[in-house]
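# Give me a model of this one.
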Amino acid sequence: MLAIKTRLDKLFTVLIIVFLLAVVSLGAKNYIEVKKELQAVKEALKIQKINDKNLGFTKLFIEQVLQAEKEIDFGTRLKLENAVRGIGDEEIFTQWQKFIESKTEAEAQKGVKNLLDLLVHKIQT
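Residues are numbered from 1 along each chain as shown. Here you go, the predicted model:
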């Protein structure tokens, strides 16, 4: 009788260990999957924030520069400069610098086209 009880105790112990291992294994698998999902969501959020900054600057640029009825004042220039710096993209900032350093109207028009093209391209990718 004692031998049967000992065997049953060992069997239950083994079953409990197997069950616990299965639970831990499934939990670890789910943790890894959730961690990957979280990383993907964080990356998507980062891209969305960058796109929001790009769109905000693009909208401001269109409203304040392209649709301007008069010469751009210092406050507007400062606002645009801060917005483009806030994007944090060196390529966009370089293109902005080329635009504001234009000497002729033709250079400025080309600068606007290049800047807007770059902004749209950055948002699409």
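
# going forward, measure contacts and count neighbours with C-alpha atoms only.
Noted.

# Quick one: low-confidence residue ranges for this structure.
Applying pLDDT under 70 to the chain flags residues 1-2.

# Start from the N-terminal end of this protein and give the helices.
In the chain, helices defined by DSSP state H lie at 2-61, 74-87, 90-100, 105-124, listed in chain order.

# Point out the one among the ones you listed that comes closest to residue 68.
Taking C-alpha to C-alpha, helix 2-61 is the member of the helices of the chain nearest to residue 68, at 9.7 Å.

# and the closest one, what does it pack onto?
Applying 3 or more C-alpha pairs under 8 Å, 6 or more residues apart in numbering; DSSP states H and E, one finds that helix 2-61 contacts helix 74-87, helix 105-124.

# picking that back up, export the helices of the chain to CSV and tack on mean neighbour count and distance to residue 68?
CSV is the format used below for the helices of the chain (neighbours: other C-alpha atoms under 10 Å; distance: least, C-alpha to C-alpha, whole Å):
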stretch, mean neighbour count, distance to residue 68
helix 2-61, 13, 10
helix 74-87, 15, 11
helix 90-100, 16, 15
helix 105-124, 15, 14
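
# Let me have these in TSV, extended by distance to residue 67.
As requested, the helices of the chain are exported to TSV (distance: least, C-alpha to C-alpha, whole Å):
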stretch	distance to residue 67
helix 2-61	9
helix 74-87	13
helix 90-100	16
helix 105-124	13
